[in-house]
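Chemist: Just to be clear, the model below is a prediction. Sequence and coordinates:
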Amino acid sequence: MTIAEKLSNELEKILSGDAWYGPPVFETIDKISFEITYEHPENGAHSIAEIVIHMLGWTIEVTDRMRSSKAGYPAAGDWPDPGAPDEEKWKTMISDLKLANVNLIGIIQKFPNQKWEELTNDDRNQPGLGAGVNYEQLINGLIQHHVYHAGQIGILNRILGGV
């Protein structure tokens with residue numbers, strides 16, 4: 001199995017397949033009732049809507065990096081404000097997150113095998129800084145990022161009284 005096959009399979013598994021750790025990301029998000037998506041728990045943690053839009057931004061940023069764009073923060077920022085509660089906007093966020101990941105999986109599947117070990121286009125890739133990552137590490141990092149935030153969403157759902 002190629003690196004592209006392994007990474008795309010792993011990303012698909014944690015998004016909508018049979019994830020080892022529990023419910024896949026999209027199943028977790030799809031269970032969320034709109035009524036709680038913009039609520040914040042008492043301790044001031046991010047809302048579910050904020051987490052979803054954050055995940056979307058980083059998926060798009062990683063996709064851009066896979067296309068050799070210079071590394072940076074997502075165009076809308078690390079933690080963009082999702083705005084006022086709006087059910088249609090919430091549905092669009094979910095659709096956009098799914099589509100962004102489908103697009104990324106397509107890029108992963110077509111990525112040249114010899115490029116996986118190359119460093120991404122990141123100014124921090126200079127010798128001695130220890131911050132550079134290669135393309136394989138980039139995708140593994142996003143997979144871990146998605147799993148982490150899916151766990152947060154699941155916990156917030158319970159705290160806020162969701163199903």
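Modeler: Right, received. Where do you want to start?

Chemist: tell me the contacts of the nearest residue to Lys98 once chain neighbours are set aside?
Modeler: Residue nearest to Lys98 in three dimensions, not counting chain neighbours: Phe26, with 6.4 Å by CB to CB, 6 or more residues apart in numbering. To be clear about C-beta, it is placed using only N, CA and C from the backbone, and glycine gets the same treatment. Counting by CB atoms under 8 Å, 6 or more residues apart in numbering, Phe26 touches Leu15, Ser16, Lys98.

Chemist: go on, Thr37?
Modeler: Thr37 sits next to Ser47, Ile48, Ala49, Val52, Pro85, Trp90 when contact means CB under 8 Å, 6+ apart.

Chemist: Report all helices and strands that whichever helix or strand His149 is part of contacts.
Modeler: Per DSSP states H and E: His149 is located in helix 135-159. Packing partners of helix 135-159 (3 or more CB pairs under 8 Å, 6 or more residues apart in numbering; DSSP states H and E): helix 3-16, helix 25-30, helix 48-66.

Chemist: for the shortest one, what is the average pLDDT?
Modeler: In this case it means helix 25-30. Average pLDDT, helix 25-30: 96.

Chemist: ok, now which ones touch the most centrally placed residue in the chain?
Modeler: Centroid check for the chain by CA atoms, centre = their mean gives Met55 as the closest residue, at 3.9 Å. Shown in contact with Met55 (CB under 8 Å, 6+ apart): Leu97, His145, His146, His149.
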